[in-house]
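Participant: kindly generate the corresponding structure for this input.
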Amino acid sequence: MALELNLRGKKAVITGASEGIGRAIAYQFAEEGIDLALSARSEDRLAEVKSTCQQEHGVKVDIYPLDLSQSADQKELARQTAEADILVNNAGAIPKGKIHEIDEAQWREVWDLKVFGYINLSRDYYGFMKARGDGVIINIIGTGGEKPVSDYIAGSTGNAALMAFTRALGGDSHIDGIRVVGLNPGPVSTDKLVSMMKKAALDKWGDESRYQEFYEPFAFNRVATPAEIATMAVFLASPLSAYTSGTIVTVDGGMVNKGPLF
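Facilitator: A predicted model of the protein is given here:
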């Protein structure tokens with residue numbers, strides 16, 4: 001018997017939805033019949049995602065080109081989409097670098113989007129969901145918080161904080177009828193990662209088509225696809241995962257549990 005996720009007609013807010021994992025989650029949610037509110041900085045890219053979701057799956061899609069590192073824009077998104085059943089916090093990317101390579105201004109800038117953006121949006125939507133007695137919040141975080149390293153210190157620290165935040169908030173959110181879950185992707189073949197790997201292959205071998213050779217040390221000799229992360233996100237959002245809250249689900253082929261790659 002096929003699994004029925006029972007999500008058709010729900011509404012989800014997805015941040016960072018214009019590319020990568022966020023875009024893949026939007027496509028997967030649309031396939032399940034979920035209406036969407038998509039936010040990111042790029043209006044053009046959001047419009048492309050909207051068009052694809054509407055044409056292929058017939059769902060309702062609204063876009064909100066906002067800078068979610070700004071408190072005012074966070075509030076505006078929440079105000080306009082207060083009826084959402086599902087919030088997927090996904091916006092943000094924190095650069096690699098040791099402590100002397102990331103100054104205070106840059107550290108605060110990236111945390112305003114990913115760390116405080118997640119916290120502030122969770123606070124607002126939790127209030128809306130609590131009033132209705134139902135809702136799901138999914139925080140897309142990252143395995144850097146599970147195995148902190150000094151050359152990704154801002155990201156490792158931020159991800160670890162969001163993991164603790166998710167566990168704390170989701171630990172008793174069941175009282176209010178809400179589930180809060182974290183999803184930690186390992187390396188994922190986003191457009192950005194593939195471009196980086198192709199450049200590295202060109203620099204090393206003079207042939208960008210060899211970029212997948214860099215994946216050989218990873219689990220199953222590859223990295224995850226955005227669709228694999230999206231599939232887990234839609235499952236966590238569904239009633240099939242109704243007893244899941246206050247925990248972190250890691251999708252990295254088991255890599256976080258092994259020693260250094262190199």
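Participant: how about stretch 122-138: buried residues?
Facilitator: Ser122, Asp124, Tyr125, Tyr126, Phe128, Met129, Gly135, Val136, Ile137, Ile138 (16 or more other CB atoms under 10 Å). (Glycine included, C-beta is placed from N, CA and C.)
Participant: Gly186 contacts Asn257, correct?
Facilitator: No: using CB atoms under 8 Å, Gly186 makes no contact with Asn257, being 10.8 Å away.
Participant: between these two, which is the more surrounded one?
Facilitator: Gly186 (20 against 10; other CB atoms under 10 Å).
Participant: how close does the more buried one sit to Glu146?
Facilitator: 10 Å (CB to CB, to the nearest Å).
Participant: give me the common contacts of the two.
Facilitator: Thr250, Val256 (CB atoms under 8 Å, 6 or more residues apart in numbering).
Participant: mind giving me the packing neighbours of the lengthiest helix in the chain?
Facilitator: The single longest helix within the chain, with elements called by DSSP state H, is helix 104-132. With contacts defined as 3 or more CB pairs under 8 Å, 6 or more residues apart in numbering; DSSP states H and E, the packing partners of helix 104-132 are strand 11-15, helix 71-80, strand 86-89, strand 135-140, helix 153-171, strand 178-185.
Participant: I'd like to know how far the spatially closest residue to Phe220 that is not a sequence neighbour sits from Gln74.
Facilitator: Nearest residue to Phe220, sequence neighbours excluded (CB to CB, 6 or more residues apart in numbering): Gly253, at 5.7 Å. From Gly253 over to Gln74 the distance is 33 Å, taken as CB to CB.
Participant: looking at the two, which is more packed in?
Facilitator: Gln74 (26 against 18).
Participant: okay, the helices and strands packed on helix 104-132, which one's buried deepest?
Facilitator: Of all those, strand 86-89 carries the top mean neighbour count, a mean of 28, counting by mean count of other CB atoms under 10 Å.
Participant: packing partners for that one?
Facilitator: strand 11-15, helix 20-31, helix 104-132, strand 135-140, helix 226-237.
Participant: and that strand, which strands flank it?
Facilitator: Partners of strand 86-89 in the sheet, by DSSP bridges, are strand 11-15 (parallel), strand 135-140 (parallel).
Participant: in JSON lines, list those along with mean pLDDT.
Facilitator: Shown next, in JSON lines, are these (pLDDT from 0 to 100):
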{"stretch": "strand 11-15", "mean pLDDT": "98"}
{"stretch": "strand 135-140", "mean pLDDT": "98"}
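Participant: using a markdown table, please lay out the ones you listed together with distance to Thr190.
Facilitator: Below are the strands paired with strand 86-89 laid out as a markdown table (distance: least, CB to CB, whole Å):
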| stretch | distance to Thr190 |
| --- | --- |
| strand 11-15 | 15 |
| strand 135-140 | 12 |
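Participant: nearest to Leu66, out of these?
Facilitator: Each of the strands paired with strand 86-89 has some distance to Leu66 by CB to CB; the shortest is strand 11-15, at 8.9 Å.
Participant: the closest one to helix 104-132, inter-axis angle?
Facilitator: Strand 11-15 runs at 170 degrees relative to helix 104-132, counting by axes from the mean of the first three to the mean of the last three CA atoms, to 10 degrees.
Participant: ok and strand 11-15 relative to helix 71-80, angle-wise?
Facilitator: Using the same axes, to 10 degrees: strand 11-15 against helix 71-80 is 170 degrees.
Participant: ok, residues contacting strand 11-15?
Facilitator: Here strand 11-15 has contacts from 22, 25-26, 29, 34-40, 68, 77, 81, 83-91, 117, 121, 125, 237, using CB under 8 Å, 6+ apart.
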